[in-house]
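Colleague: take this sequence and fold it.
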Amino acid sequence: MADFVDTQVNKFIDVTPVNVMRAVVLFGRNAASYKFALAKSILEIGAQGTTAASLSDLAIPYSHHVCEHLKIADRQGTSGRSKFLDTCREFNAGTLSHEQLLATTERLGFENVIDAFHIVGSGEVSKRMFTDDRKGKSKGIILTDDLLVLAEGSIEVVLGEIEGRWRLVETAWDIGVALDLIDFDHSLESFVAVRKNERINVTGARPVLNGYQKGHCFYCYRPISIDAKSPALADVDHVFPHTLQRKNTLRNLDDSRPLGDRFFA
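Modeller: Here you go, the predicted structure:
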């Protein structure tokens, strides 16, 4: 698996900040949703022009994102229990104050995610979004120039991709199925479990696919849009076209590869 991930990351030949962040979010190991929450938090802090963020600074957006996603899907990781997630649940239930939430987030919320954030496959990505300064002056992290460039130029696109990937992963955890059995129903605006032998609607997966494809079309490599109001909104195709089903040429139009590899825009 590590070799596969390394190969996927190496496809990001143009090692720009946006592509490195995509590698972290799309190909990083997902044992919990903390990497998604941290990615969104550092982008939002970076957009304010801040270079140093203490754990108390990070705790504000970080806990907010986790709490909001717990309202959507209670399962936010593969582990059975988490004191930090329990604290977020208590805050959502109104039995814990915001000050208590932030204090617990600062103490427990960053135990592993800061160390693991840049690890993809068997090693670390080539550009860091931040450096660990928990034992230094800031008592947190120092945002890199690459992160600040990303936050200034491509933040909305990347935030959308992070959110799309987060929703995909948490939905799979929440209903207890593999990621390749989850899809987004665009008409219902919700994720659904894919039934066998039924054609999968893939247009709702544009934000996730945009990251895998580095913002370009597989066919002509022109920039693609995921803005629903844009006249250049990207189409999403299955690996095998619908016409094959009508002609009875191929019965299984949706192959068994992972969601990100099964179709393309």
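
Colleague: and the helix or strand containing Gly211, what other elements does it pack with?
Modeller: According to DSSP states H and E, Gly211 maps onto helix 206-212. Under the contact definition 3 or more Cβ pairs under 8 Å, 6 or more residues apart in numbering; DSSP states H and E, helix 206-212 sits against helix 17-27, helix 155-175, helix 259-262. Quick note: C-beta positions are derived from backbone N, CA and C, even for glycine.

Colleague: Ser56: which of the ones you listed is closest?
Modeller: Shortest distance between Ser56 and the helices and strands packed on helix 206-212, using Cβ to Cβ, is found for helix 155-175: 22.7 Å.

Colleague: using PDB, write out every CA atom in the closest one.
Modeller: Provided in PDB are the C-alpha atoms of helix 155-175 (Å, rounded to 0.1, in the frame of the first residue of the first chain):
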ATOM      1  CA  ILE A 155      -7.800  28.700  -0.400                       C
ATOM      2  CA  GLU A 156     -11.400  28.300  -1.600                       C
ATOM      3  CA  VAL A 157     -10.600  25.500  -4.000                       C
ATOM      4  CA  VAL A 158      -8.500  23.600  -1.500                       C
ATOM      5  CA  LEU A 159     -11.000  24.100   1.400                       C
ATOM      6  CA  GLY A 160     -13.700  22.600  -0.900                       C
ATOM      7  CA  GLU A 161     -11.500  19.600  -1.700                       C
ATOM      8  CA  ILE A 162     -10.700  19.000   2.000                       C
ATOM      9  CA  GLU A 163     -14.400  19.200   2.900                       C
ATOM     10  CA  GLY A 164     -15.300  16.800   0.100                       C
ATOM     11  CA  ARG A 165     -12.700  14.200   1.200                       C
ATOM     12  CA  TRP A 166     -13.700  14.600   4.900                       C
ATOM     13  CA  ARG A 167     -17.400  14.000   4.100                       C
ATOM     14  CA  LEU A 168     -16.500  10.900   2.000                       C
ATOM     15  CA  VAL A 169     -14.400   9.400   4.800                       C
ATOM     16  CA  GLU A 170     -16.700  10.100   7.700                       C
ATOM     17  CA  THR A 171     -19.700   8.800   5.900                       C
ATOM     18  CA  ALA A 172     -17.900   5.500   5.200                       C
ATOM     19  CA  TRP A 173     -17.000   5.300   8.900                       C
ATOM     20  CA  ASP A 174     -20.400   6.200  10.100                       C
ATOM     21  CA  ILE A 175     -22.300   3.500   8.200                       C
END
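
Colleague: so for that helix, mean pLDDT?
Modeller: For helix 155-175, mean pLDDT rounds to 85.

Colleague: and for stretch 235-255?
Modeller: 59.
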